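Asker: need coordinates for the following:
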Amino acid sequence: MFMETKTSKNRATFSLVCYLRKSNVLKSGEVPVYMRITVNKQSVLLTMQGSVLPSLWSQSKEKSKGKDKAAKELNLYIDAVKSKVFQIYRELEIDGKPISAQIIKDIFLGNVKPDEGK
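Answerer: Model prediction:
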């Protein structure tokens, strides 16, 4: 899912992309899912807590194509993480706080509280 906010004088460009990093194949043959958070052309990677067989991944939908319970749980998890990251971005934007990909990642991971800023 590609979410973007266009740049104006005070707005940041923001996007989220989930993808597989095929160079990191696990013993099971599955590949970890990553999320790239981009703000104003600066990106950070977030390792998702899930993996999937490359043949069961839809890059256009950024989700697993599988129909089993594990695939459905992974898709729900991806949706929840995207929603939370986008919510963090919107709250920073509404509050007029500095926005960067690293700040969003730190808040998501709990390394910094939203009201602390940077």
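Asker: give me the low-pLDDT residue ranges for this structure?
Answerer: 1-11, 114-118 (pLDDT under 70).
Asker: please, where are all the strands along it?
Answerer: Applying DSSP state E to the chain gives strands spanning 14-20, 31-39, 42-52, 57-58, 63-64.
Asker: what's the most buried one of those?
Answerer: Using mean count of other CB atoms under 10 Å, the stretch among the strands of the chain with the greatest mean number of neighbours is strand 63-64 (a mean of 22). All C-beta atoms are positioned from the backbone trio N, CA, C, and that covers glycine.
Asker: given it, what are its sheet partners and their directions?
Answerer: Within its sheet, strand 63-64 is paired with strand 57-58 (antiparallel), according to DSSP bridges.
Asker: so how far is the partner strand off the chain centroid?
Answerer: Taking CA atoms, centre = their mean, to the nearest Å, one finds the center of strand 57-58 at 16 Å from the center of the full chain.
Asker: what's it in contact with?
Answerer: Where contact means CB atoms under 8 Å, 6 or more residues apart in numbering, the residues beyond strand 57-58 that reach it are L20, V31, V33, K63, S64, K65.
Asker: what's around the residue nearest to the fifth one when sequence neighbours are not counted, how many residues?
Answerer: Spatially, and ignoring its direct neighbours in sequence, S64 is nearest to A71 (4.1 Å; CB to CB, 6 or more residues apart in numbering). Residues contacting A71 under the criterion other CB atoms under 10 Å number 18.
Asker: can you check the one 5 residues further on too?
Answerer: The number of residues packed near L76 is 11, by other CB under 10 Å.
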